[in-house]
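> got a predicted model here, sequence first, then my questions.
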Amino acid sequence: MEQLDKILSSIKKFLSSSIYTGETTHISMSTLITIIFTLILVSVVLRLVHKFVTKKLPSDDKNKFISIFNFLRYLLYILVIIIVLHSSGVNMTALLTASAALFVGLGFALQYLFQDIISGILMIMDQSLHVGDIIDMDGKIGRVFEIKLRTTRALTRDDKVIVIPNHIFLTNSIYNYTQNHNMTREAVKVGVAYGSDVSLVTKILEGVVQEQRGVLKSPKPFVLFDDFGDSALMFSINFYISDSYGDPKIKSEVRYKIDSEFRANNITIPFPQRDVHVFQPRPFEHVSVSKTNKEWGLGED
């Protein structure tokens, strides 16, 4: 019995031993152990909640839930530590007051970080962006492959990754080609010489896209007579595709076929032409000596 009392006394002395002692703050070993045990318990509970919730979610929603869950997990850890310290008698008011200047500095330094995180949560909740969406970011087309709390990553057509801070999606206008559906309308413009048979041009353009792989049969492609240009009659062939990410390759193949068909049907794609008019007081004279303005009758030099 005496031996047991000694063991309990040693344990009590160990738990009450001080780790940090300040003017208004005292943290003992028992407080540290309580924090560690509570964090372990919270981690186990969160792991069970995570496993239960993600088990029935689709893959896209699962990735979004994981992003929010990770943010809430760290927030919960901080709250648990504060609650345990306060329950152990630590004066949190004095501690927070002493750290006020540090928190203000961190607030200014991390304002963009928290702005991105809040934006990421809003994006995930309002479903404004999904993995697989095709977006236009400053003239660069990319396919979104990852949405995190702070950043979104998209792969461009030349296999380069764009890392986009999430707050940009809330402050700037971003083109989302696939927000409503995967189908988009594309167009290839071409000019033909004045005097060309416009009915034949229309028939050729329609025939080219109808045979093009990757172009949808419905909605039906159509031709627009866009304008009377300076040097050409301007046409555009409009068609629909289901993968706007591969749109440059389809347009390139269409242009190749248009050029080939125009050559076969003697339809000219003109280059810009200008008429230059030269005004002079009299016909040109080729002389070996220069004349003054007075000699040319143009007035004084």
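Received the coordinates, thanks.
> in stretch 230-245, which residues are buried?
Going by neighbour count (16 or more other Cβ atoms under 10 Å), the buried part of stretch 230-245 is Ala232, Leu233, Met234, Phe235, Ile237, Asn238, Phe239, Tyr240, Ile241, Asp243, Ser244, Tyr245. Backbone N, C-alpha and C define where each C-beta goes, glycine included.
> farthest-separated two in the residues you listed?
Within these, Leu233 and Tyr245 form the most distant pair, 32.1 Å apart (Cβ to Cβ).
> low-scoring stretches of the stretch 101-250 of the chain, by residue?
Applying pLDDT under 70 to the stretch 101-250 of the chain flags residues 101-110, 124.
> tell me how this structure divides into domains.
12-98, 120-176, 184-264 (automatic domain parsing).
> relative to Pro270, which of these is closest?
Comparing the domains of the chain by Cβ to Cβ, domain 184-264 comes nearest, at 4.6 Å.
> now the end-to-end length of the closest one.
The first and final residues of domain 184-264 sit 31 Å from each other (Cα to Cα, to the nearest Å).
> backbone dihedrals for Ile141, both of them.
In terms of degrees, to the nearest 10, the main-chain angles of Ile141 are phi -90, psi 130.
> could you shift the numbering so residue one becomes 23, and keep it that way?
Sure thing, new numbering starts at 23, so read that last one as Ile163.
> who touches it in this structure?
Ile163 sits next to Ile156, Ile157, Thr178, Arg179, Tyr199, Ser266, Tyr267 when contact means Cβ atoms under 8 Å, 6 or more residues apart in numbering.
> out of those, which are buried?
For the contacts of Ile163, buried by 16+ other Cβ under 10 Å: Ile156, Ile157, Tyr199, Ser266, Tyr267.
> of all the residues you listed, which comes closest to Arg277?
Arg277 has its nearest neighbour among the buried ones among the contacts of Ile163 in Ser266, at 17.2 Å by Cβ to Cβ.
> roughly how far does the closest one sit from Asp155?
Distance of Ser266 to Asp155, given as Cβ to Cβ, to the nearest Å: 10 Å.
> now tabulate the buried ones among the contacts of Ile163 in a markdown table and tack on distance to Ser65.
What follows is these, written out as a markdown table (distance: Cβ to Cβ, whole Å):
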| residue | distance to Ser65 |
| --- | --- |
| Ile156 | 39 |
| Ile157 | 36 |
| Tyr199 | 41 |
| Ser266 | 43 |
| Tyr267 | 40 |
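> ok, so of those residues, who is nearest Leu97?
Nearest member of those to Leu97, counting by Cβ to Cβ, is Ile157, at 29.2 Å.
> any shared contact partners between Ser266 and Asp155?
Tyr199, Thr200.
> thinking Phe167 is in contact with Leu177, fair?
Yes. Under the criterion of Cβ atoms under 8 Å, Phe167 makes contact with Leu177 at 5.6 Å.
> between these two, which one's more packed in?
Taking other Cβ atoms under 10 Å, Phe167 and Leu177 do not tie; Leu177 has more neighbours (16 against 13).
> show me what the helix or strand that one falls within is packed up against.
Using DSSP states H and E, Leu177 falls within strand 173-178. Other helices and strands packing on strand 173-178, by 3 or more Cβ pairs under 8 Å, 6 or more residues apart in numbering; DSSP states H and E, are helix 133-148, strand 162-169, strand 183-187.
> using PDB, write out every CA atom in the first one.
Okay, so that is helix 133-148. Provided in PDB are the C-alpha atoms of helix 133-148 (Å, rounded to 0.1, in the frame of the first residue of the first chain):
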ATOM      1  CA  GLN A 133      -5.000  38.200 -45.800                       C
ATOM      2  CA  TYR A 134      -4.700  36.900 -49.300                       C
ATOM      3  CA  LEU A 135      -4.300  33.300 -48.000                       C
ATOM      4  CA  PHE A 136      -7.600  33.600 -46.100                       C
ATOM      5  CA  GLN A 137      -9.200  35.400 -49.000                       C
ATOM      6  CA  ASP A 138      -8.300  32.400 -51.200                       C
ATOM      7  CA  ILE A 139      -9.500  29.900 -48.700                       C
ATOM      8  CA  ILE A 140     -12.900  31.600 -48.200                       C
ATOM      9  CA  SER A 141     -13.200  31.900 -52.000                       C
ATOM     10  CA  GLY A 142     -12.400  28.200 -52.300                       C
ATOM     11  CA  ILE A 143     -15.100  27.200 -49.900                       C
ATOM     12  CA  LEU A 144     -17.700  29.400 -51.700                       C
ATOM     13  CA  MET A 145     -16.700  28.000 -55.000                       C
ATOM     14  CA  ILE A 146     -17.100  24.400 -53.700                       C
ATOM     15  CA  MET A 147     -20.500  25.200 -52.100                       C
ATOM     16  CA  ASP A 148     -22.100  27.100 -55.000                       C
END
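> thanks a lot, see you next time.
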